[in-house]
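K.L.:
pasting the sequence and the predicted model now:
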Amino acid sequence: MKKISIIALVALVFAGACGRPDEMENAWKQASAIEQAIAEPVFNAQRYDISAFGAVADDSSRLNHAAIQAAIDSCNHDGGGIVVVPRGVFHTGPIELKSNVHLYLEEGAVLKFSTDASLYFPAVLTRWEGIDCYNARPLIYAYDAHNIAITGAGTVDGSASFENWWAKSGKGSVVGAISQRTGRPKLLQYEQQNVPTEERVMTEDDGLRPQLINLYKCSVILIENVTLINSPFWVIHPTFCDQLTVRGVKVNSHGPNSDGCDPESSRNIRIENCVFDTGDDCIAIKSGRNNDGRRWNIPSENIIVRNCRMKAGHGGVVIGSEISGGYRNLYVENCEMDSPELDRVIRIKTSTCRGGVVENVYVRNIKVGQCKEAVLKINLLYDPKEECLRDFPPVVRNVRLDNVTCEKSRYGVLITGLDDVENVYDIHVSNSRFNGVEQGNAIAGARDVYFKNLYINGESVR
């Protein structure tokens, strides 16, 4: 594959050609219209304190999920209201949120989840790394629920560490221990062979870790102000959801695959004023893996990310890699990112296993202290060792960055396209300054890449 340095970009990059001057303005008008259509839930005032249903705080020998579930079920049965978790540490197994229920964690309240894997079976319908299956029950799960919320100044603690859940990733686990080294290849084979979803029933021995919060086919959702820590797997995973607001949430989870928020085949989402400090991507947008994503053919779309802080993570705002259903209309603005453990700022990762079209990515007013690899990375050759049918060339188009600053990185723009066709195109970077860049830009397999008022290490890129 031919690499192109900053000096040799003349044939590829045309200074000043950033498309119509009103493109970004029109895009953000569209973002405002999308935001106005995102409803937030409304609840009855009736309160259901979990203590009244038998929940007991600060007793590690007692699990409270039966009591918490009784409060949720009663609230739902009565037409909805607020389920209150008062101050104290409530040890618990998995719980399921129901329609018209607002789970409210008071300041000082902690839901501390057990690491006894047997509590999370029998399996429930979900997606795992973009593949449809029945897997371990997420710690907080909702299925086909409407008008729901998780809010408050309290903490949801998944209790994960390399002594329990994280060891099941295969990293740090002892030989012979249960881990995803058993279940993940099995699940990947189910997907490639188009095994019916109802036959893809994973067991505890398959070692596939559950999400902290998984909302499946839900709508009108609010997650606000809570602190989410130590997730076994992905932290917030909306799947086939519509109208979600994630606001003021603090995510701190440094285990393997601890993605902060992964909307999958979901639409009309606002993520704002959040802090992400993760062991994987901070925000990673998905739409299904390979055959499963193409079968559903439901893209993620209309996602707004604003006023967030990203610390450690493989990427700040990411699309992929499980993106076979495609993605359109991402708006990222007024975010700060900074960590020696942050790999990229904006990242799009996909492959010829995935296919799909990623389009209309608008990014503005981003301030970056440092990242390891690149400010913008687009990679169409992600995970080249994956065993899959590679007949689905992906397309990435109309990506626009404006007023992005970064003080340290290896690359500014890093694009790795396909060898035989230029399926990355209409890429624009304007009014931006990248300092402390070690290797300039590296672009291959792309066309119509435009820079306007881009300065790298103080020099104008033309």
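P.N.:
Thanks, I have the structure now.
K.L.:
tell me the contacts of the nearest residue to Q46 once chain neighbours are set aside?
P.N.:
Closest residue in space to Q46, ignoring its immediate chain neighbours: G81 at 3.6 Å, by C-beta to C-beta, 6 or more residues apart in numbering. Quick note: C-beta positions are derived from backbone N, CA and C, even for glycine. By C-beta atoms under 8 Å, 6 or more residues apart in numbering, G81 lies in contact with F43, N44, A45, Q46, R47, Y48, C75, N100, V101, H102.
K.L.:
can you give me the pLDDT of A11?
P.N.:
For A11, the pLDDT comes out at 31.
K.L.:
distance of S118 from V124?
P.N.:
Counting by C-beta to C-beta, to the nearest Å, the gap from S118 to V124 is 15 Å.
K.L.:
okay, the two: which has more neighbours?
P.N.:
When neighbours are counted by other C-beta atoms under 10 Å, S118 and V124 differ, and V124 comes out ahead with 19 against 9.
K.L.:
who touches the spatially most central residue of the chain in this structure?
P.N.:
Residue closest to the mean C-alpha point of the chain, counted by C-alpha atoms, centre = their mean, is D262 at 2.2 Å. Residues near D262 by C-beta under 8 Å, 6+ apart: W234, I236, H237, P238, D281, I283, A284, I285, K286.
K.L.:
which residues sit in contact with the first one?
P.N.:
To tie it back to what came earlier, the one meant is W234. Q211, L212, N214, N257, S258, D259, D262.
K.L.:
burial measure for the fourth one, as a count.
P.N.:
What it means is N257. Residues near N257, counting by other C-beta under 10 Å: 23.
K.L.:
isn't it right up against H237?
P.N.:
No. The criterion here is C-beta atoms under 8 Å, and N257 misses it with H237 at 10.9 Å.
K.L.:
low pLDDT regions in the chain?
P.N.:
1-21, 172-176 (pLDDT under 70).
K.L.:
ok, 50 please
P.N.:
Applying pLDDT under 50 to the chain flags the ranges 1-19.
K.L.:
show me where it has its helices.
P.N.:
For the chain, the helices defined by DSSP state H occupy 23-36, 65-77, 180-192, 290-296.
K.L.:
what residues are up against the spatially closest residue to V201 that is not a sequence neighbour?
P.N.:
Leaving aside its sequence neighbours, V201 sits nearest to Y134 (C-beta to C-beta, 6+ apart; 4.5 Å). Neighbour list for Y134: A123, V124, L125, T126, T197, E198, R200, V201, M202 [criterion: C-beta under 8 Å, 6+ apart].
K.L.:
number of residues surrounding the fourth one?
P.N.:
Okay, so that is T126. Quick note: T126 (other C-beta under 10 Å) scores 23 neighbours.
K.L.:
kindly report the same for the last one.
P.N.:
Burial measure for M202: 23 neighbouring residues, criterion other C-beta under 10 Å.
K.L.:
how about the nearest residue to it once chain neighbours are set aside, what does it touch?
P.N.:
Nearest-residue entry for M202: N135, 4.6 Å, with adjacent residues in sequence omitted and distances by C-beta to C-beta, 6+ apart. Residues near N135 by C-beta under 8 Å, 6+ apart: A123, V124, T126, W128, M202, D206, L208, P210.
K.L.:
now do 7 Å
P.N.:
A123, T126, W128, M202, L208, P210 (C-beta atoms under 7 Å, 6 or more residues apart in numbering).
K.L.:
cool, N291 as well?
P.N.:
E191, Q192, N194.
K.L.:
likewise F392?
P.N.:
Per C-beta under 7 Å, 6+ apart, neighbours of F392: T352, C353, R354, G355.
K.L.:
just send those residues back as TSV, with distance to P299 and neighbour count too.
P.N.:
Putting the contacts of F392 into TSV (distance: C-beta to C-beta, whole Å; neighbours: other C-beta atoms under 10 Å) gives the following:
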residue	distance to P299	neighbour count
T352	18	19
C353	17	23
R354	12	31
G355	12	20
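K.L.:
nearest to R447, of those residues?
P.N.:
T352 (18.2 Å; C-beta to C-beta).
K.L.:
residues near the closest residue to that closest one other than its chain neighbours, how many?
P.N.:
Nearest non-adjacent residue to T352, counting by C-beta to C-beta, 6+ apart: R390, 4.1 Å away. Neighbours of R390 under the rule other C-beta under 10 Å: 14.
K.L.:
stretch 436-444: which residues count as buried?
P.N.:
Neighbour-count burial for stretch 436-444 flags V437, G440, N441, A442, I443, A444 (criterion: 16 or more other C-beta atoms under 10 Å).
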